[in-house]
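Asker: could you work out the structure for the sequence below:
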Amino acid sequence: MINQYLQDNKERFLEELIDLLKIPSISADDQYKTEVDKTADFILNHLKNLGVQKVEKFQTAGHPIVFGEHIIGENLPTILVYGHYDVQPPDPLELWDSAPFEPIIKETEIHPEGAIFARGACDDKGQLFMHFKAFEAMVKTNTLNCNVKFLIEGEEEVGSVNLPIFVDEHKDNLEADVVLVSDTGMIANDVPSICTGLRGLSYLEVEVEGPNRDLHSGLYGGAVANPINVLTKMIASLHDEEGRITVDGMYDDVLELSEADRTLLDGAPFSEETYCNEIGIPKSTGEKGYTTRERASIRPTLDVNGIWGGYIGEGAKTVIPSKAHAKISMRLVPNQTSDKITELFKSHFEKIAPDTVKVNVKPHHGGEPAVITMDSIEYKAASLAMKETFGKEPFPERGGGSIPLVEMFERKLGLKTVLLGFGLDSDAIHSPNEHYGLFNFYKGIETIPLFYKHYAELKK
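Answerer: Reported below is the predicted structural model:
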């Protein structure tokens, strides 16, 4: 019945998603605050229109949180659906083939049935919307067999700073049996997979300060330390020749996977050539002794996300800049903690700075790594659901990204999380031309009700 309902309404589902994607809900930029609030209202009204019994919008110190609750039986399991409606900034705009907030559908080699191109298409509006439509389908076909709660925030892309506060203040409202999240991906459209782990995050900004003003590079060059030169040398020293991070203490708490776990991880289909071709690089690189898949999932990383200073306008301006800046992120693995790694980086960066400059390290936000066990009811229900819709057993896969709330939900609410994502690595999340395959969108709507079904059966 649900599949027939999906077929009968799939065009409407897509049109409604397009309306959501048109709103530029960029949480990192205050000039879009009104648009972010407008998106929260869109979510609020949509849940009400779906028939969710109780829907509220809660203002936080930042952007609003929308909470919904639909209780159909005291003895039924309760699924807490989490998602976020905020999106990353679309910059650089010149690299988009179409306007980021004017969604269009195009066929691609990976998505021959079409993909919707827009900021937030995959991360996370498209995946969040699958849950709304799955809920609608279950209600309309009278097949809903679990209580449902929705927790939808607008600050995931800026660290979910206010979400833990909300959770602390609304623990009674958030009582559930499991958290269901679709903000991850799978290996390929013909290779289903379930994320069994995520890396943590430490995000910082560094500043190197030299002279008290920009200086003429002819009058002062060679006698005054150039902050850009110094910063780039410092950054270059943060990795050794074998790709290991040189921050003192970085690997002290790293949980090394067993050979059996590494073999399981590397058992999923993977083509190094395809991987490199898709992102336009001649060759992959990274920490010595690990495969490409391992480097991108079970090992710590340190990356410069942005660097600036001096004159970058058209033409020439011969200056030694007063300051140079960089934004740096570190992905963490079990048993690392973001606070400790942040402090280790700060101490190391200050130690390696020459005495010709001053440095300042400003922490932004962080999150903890998480691991989901394969022997849990939650994982088994997700695996059964995917096997039913894809016709094959899904692979367990460690994710390289970070969703700090997974650890937070377990610590504060005692709830395990299922990461039932349908995106692909090639969907360009956080990048120009982000997109989400229509196959993936509809397959998610088809699979989510089966998770409800199998979870309720396994909980009996």
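Asker: how about residue 389: what's its closest non-neighbour residue?
Answerer: Among residues not flanking residue 389 along the chain, residue 447 sits closest, at 4.6 Å (Cβ to Cβ, 6 or more residues apart in numbering). Using the backbone N, CA and C atoms, a C-beta is placed for each residue, glycine as well.
Asker: ok, that neighbour - how many residues close by?
Answerer: 22 (other Cβ atoms under 10 Å).
Asker: got it, and residue 277?
Answerer: Look at residue 277: counted by other Cβ under 10 Å, it has 11 neighbours.
Asker: element containing it, please.
Answerer: Residue 277 belongs to helix 272-279 when elements are defined using DSSP states H and E.
Asker: list of residues touching that helix?
Answerer: For helix 272-279, contacts defined as Cβ atoms under 8 Å, 6 or more residues apart in numbering pick out 282-284, 292, 425-426.
Asker: what does the next helix or strand after that helix contact?
Answerer: Heading C-terminal from helix 272-279, the first helix or strand you meet, by DSSP H and E, is helix 292-295. With Cβ under 8 Å, 6+ apart as the test, helix 292-295 has contacts from 243, 262, 265-266, 268, 270, 272, 275, 284, 286-287, 301.
Asker: hang on, the earlier thing: give the buried residues for the helix holding residue 277.
Answerer: Judged by neighbour count (16 or more other Cβ atoms under 10 Å), helix 272-279 contains these buried residues: residue 275.
Asker: and residue 449, how far from residue 47?
Answerer: 17 Å (Cβ to Cβ, to the nearest Å).
Asker: break this protein down into its domains, please.
Answerer: With domains defined by automatic domain parsing, the chain comprises 2-198+369-459, 200-254+300-367.
Asker: chain center to the first one: distance?
Answerer: This means domain 2-198+369-459. How far domain 2-198+369-459 lies from its chain's middle: 11 Å, per Cα atoms, centre = their mean, to the nearest Å.
Asker: could you do stretch 191-208 as well?
Answerer: Distance of stretch 191-208 from the chain centroid (Cα atoms, centre = their mean) equals 8 Å.
Asker: report the buried residues of that stretch.
Answerer: 192-204, 206-208.
Asker: for that stretch, give the mean pLDDT please.
Answerer: Throughout stretch 191-208, pLDDT has a mean value of 95.
Asker: do a quick rundown of the helices in the stretch 351-460 of the chain.
Answerer: Along the stretch 351-460 of the chain, counting by DSSP state H, counting those that start in this stretch, helices occupy 377-390, 405-413, 438-459.
Asker: can you give me the buried ones in the second one?
Answerer: Of the residues in helix 405-413, those scored as buried under the neighbour-count criterion (16+ other Cβ under 10 Å) are 405-410, 413.
Asker: what does that helix rub up against?
Answerer: So helix 405-413 is contacted by 82, 156, 160, 163-164, 167-168, 171, 174-176, 179, 181, 198, 200, 367-370, 372, 415-417, 419 (Cβ under 8 Å, 6+ apart).
Asker: quick check: ChimeraX command selecting the buried ones in the residues you listed.
Answerer: Selection of the buried residues among the contacts of helix 405-413 in ChimeraX, burial being defined by 16+ other Cβ under 10 Å:
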select :82,156,160,163,167,174,176,179,181,198,200,367,368,369,370,372,415,416,417,419
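Asker: who does residue 150 form a beta bridge with?
Answerer: residue 68, residue 81 (DSSP bridges).
Asker: my guess is it contacts residue 65, does it?
Answerer: No. If you go by Cβ atoms under 8 Å, residue 150 and residue 65 don't touch, sitting 10.2 Å apart.
Asker: more crowded one of the two?
Answerer: Taking neighbours as other Cβ under 10 Å, residue 150 and residue 65 compare with residue 65 leading, 26 against 23.
Asker: got a list of what that one touches?
Answerer: Per Cβ under 8 Å, 6+ apart, neighbours of residue 65: 40, 57-58, 151-154, 162-163, 166.
Asker: and what of residue 305?
Answerer: With Cβ under 8 Å, 6+ apart, residue 305 has these contacts: 326-329.
Asker: any chance of the buried residues of helix 405-413 in JSON lines, plus pLDDT and distance to residue 399?
Answerer: JSON lines is the format used below for the buried residues of helix 405-413 (pLDDT from 0 to 100; distance: Cβ to Cβ, whole Å):
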{"residue": "405", "pLDDT": "90", "distance to residue 399": "14"}
{"residue": "406", "pLDDT": "92", "distance to residue 399": "10"}
{"residue": "407", "pLDDT": "91", "distance to residue 399": "13"}
{"residue": "408", "pLDDT": "94", "distance to residue 399": "16"}
{"residue": "409", "pLDDT": "96", "distance to residue 399": "16"}
{"residue": "410", "pLDDT": "94", "distance to residue 399": "16"}
{"residue": "413", "pLDDT": "97", "distance to residue 399": "21"}
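Asker: for those, which one is nearest residue 387?
Answerer: residue 406 (23.2 Å; Cβ to Cβ).
Asker: measure that closest one to residue 171 for me?
Answerer: 17 Å.
Asker: kindly report the same for residue 65.
Answerer: Residue 65 is 14 Å from residue 171, by Cβ to Cβ.
Asker: number of residues surrounding residue 188?
Answerer: 17.
Asker: pLDDT value on it, please?
Answerer: 94.
Asker: quick one, what contacts it?
Answerer: Going by Cβ under 8 Å, 6+ apart, residue 188 touches 269, 424.
Asker: for the helix or strand bottoming out on mean pLDDT in the chain, buried residues please.
Answerer: Sorting the helices and strands of the chain by mean pLDDT, DSSP states H and E puts helix 259-265 at the bottom, at a mean of 87. With burial defined by 16+ other Cβ under 10 Å, the residues of helix 259-265 counted as buried are 262, 264-265.
Asker: with stretch 277-287 instead?
Answerer: 286-287.
Asker: repeat that for stretch 430-441.
Answerer: Buried-residue list, stretch 430-441, by 16+ other Cβ under 10 Å: 432-441.
Asker: and residue 6, how many neighbours?
Answerer: Neighbours of residue 6 using other Cβ under 10 Å come to 20.
Asker: what's the angle from the helix or strand that contains it to helix 377-390?
Answerer: Assigned by DSSP H and E, residue 6 belongs to helix 2-21. Using axes from the mean of the first three to the mean of the last three Cα atoms, to 10 degrees, the direction of helix 2-21 lies 100 degrees away from that of helix 377-390.
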